[in-house]
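1. One predicted model, sequence on top.
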Amino acid sequence: MKKILSLVLCIVMVLGICAMAGCGKKEDNKLTMATNAAFPPYEYKEGNGFAGIDVEIAGLIAEKLGMELEIVDIEFGAIVAGVQSGKYDMGMAGMTVTEDRKASVDFSNTYATGIQSVIVAGDSTYTSYEDFYTGFDAEGNPTGVKENIKIGVQQDTTGDIYSSDVPAKWGFGEANVIRYKTGAEAIEALKSGKVTAVIIDNEPAKSFVASNPGLKILDGAYTEEDYAICVSKENKELLEKINKALDELKAEGKIDAIVNKYIK
């Protein structure tokens, strides 16, 4: 009888602890968004808070879900892992859907389209990123990269992924790519002559060029891509809710309104 009583008391204590701690379940009704707030106009710091296309869209999604949006600013390369582990509910940072990322997380419907642009010094003699290659084969694919070409990128972005590939796939090779934690650091490297060019999304590229006289964007897109929200593969319910919210926001014209507000 004493053993049974002890067992019952233990169960009661465990249940009590779970009730107080929530047994690991979130009860604060917050929607946690992991981002990298150095990517204008999609996300950036504004005073003590955040602003940008992704920030406003995320706010409307949270509103439709009846939740409070909480934004966490981390390194871009840590977003997917953080969402995959369940540390964050979703990742939203002008993020492109790639096969590698899809192996770790699920993605929502597309909410915006972007392109990768190439920034060079204003006095650069290069007129296109194609000028960085030594020549092209019969099918029009690059055969090599010119000597001393160095490409600056933000680490773990698609600009990094694509430009690090081999020349035959329109990359520049690992040895010719220099990675930085933020796009701003890559821009500083370009200004100081450490890299030949910076490859980054077009809208941030325009912001960087506007705030850094002496730089220019080359004509033509390096790549075109779709942006989406990443969610843990274990959270299908949240993914469905986000997709429903996105569809409603698109139908209401609110996503276009937000994009047009930041991108003229």
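-> That came in fine, so what should we check first?

2. Now do the helices in the stretch 151-264 of the chain.
-> With helices called from DSSP state H, counting those that start in this stretch, the stretch 151-264 of the chain shows them at 158-163, 183-191, 202-211, 236-251, 254-262.

3. Nearest approach to residue 150 belongs to which of those helices?
-> helix 183-191 (8.6 Å; C-beta to C-beta). (Each C-beta comes from the backbone N, C-alpha and C, glycine too.)

4. starting at the chain centroid, how far to the closest one?
-> In terms of C-alpha atoms, centre = their mean, to the nearest Å, the centre of helix 183-191 is set 18 Å apart from its chain centre.

5. How about residues contacting it?
-> 38-39, 119-121, 152-154, 178, 180, 195-198, 200, 204, 208, 212, 214-215 (C-beta atoms under 8 Å, 6 or more residues apart in numbering).

6. relative to helix 202-211, how tilted is that helix?
-> 50 degrees (axes from the mean of the first three to the mean of the last three C-alpha atoms, to 10 degrees).

7. what angle do the top strand by length along the chain and helix 202-211 make?
-> Ranked by residue count and defined by DSSP state E, the top strand of the chain is strand 112-121. Orientation check (the same axes, to 10 degrees): strand 112-121 against helix 202-211 gives 40 degrees.

8. still on that earlier bit, TSV for the helices of the stretch 151-264 of the chain, including distance to residue 58, mean pLDDT and mean neighbour count?
-> Converted to TSV, the helices of the stretch 151-264 of the chain look like this (distance: least, C-beta to C-beta, whole Å; pLDDT from 0 to 100; neighbours: other C-beta atoms under 10 Å):
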stretch	distance to residue 58	mean pLDDT	mean neighbour count
helix 158-163	20	93	24
helix 183-191	20	96	21
helix 202-211	17	92	19
helix 236-251	10	98	16
helix 254-262	10	94	15
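
9. can you tell which of those is closest to residue 56?
-> helix 254-262 (4.8 Å).

10. Which elements pack onto that closest one?
-> helix 53-64, helix 236-251 (3 or more C-beta pairs under 8 Å, 6 or more residues apart in numbering; DSSP states H and E).

11. what do you get if the cut-off is 7 Å, keeping everything else the same?
-> Applying 3 or more C-beta pairs under 7 Å, 6 or more residues apart in numbering; DSSP states H and E, one finds that helix 254-262 contacts helix 53-64.

12. And the helices of the stretch 151-264 of the chain: which comes nearest residue 53?
-> Closest among these, using C-beta to C-beta: helix 254-262, at 5.2 Å.

13. List the buried residues for stretch 175-182?
-> Within stretch 175-182, the residues scored as buried using 16 or more other C-beta atoms under 10 Å are 176, 177, 178, 179, 180, 182.

14. Contacts only, for the second one.
-> Meaning residue 177. Residues counted as contacts of residue 177 (C-beta atoms under 7 Å, 6 or more residues apart in numbering) are 151, 153, 160, 163, 164.
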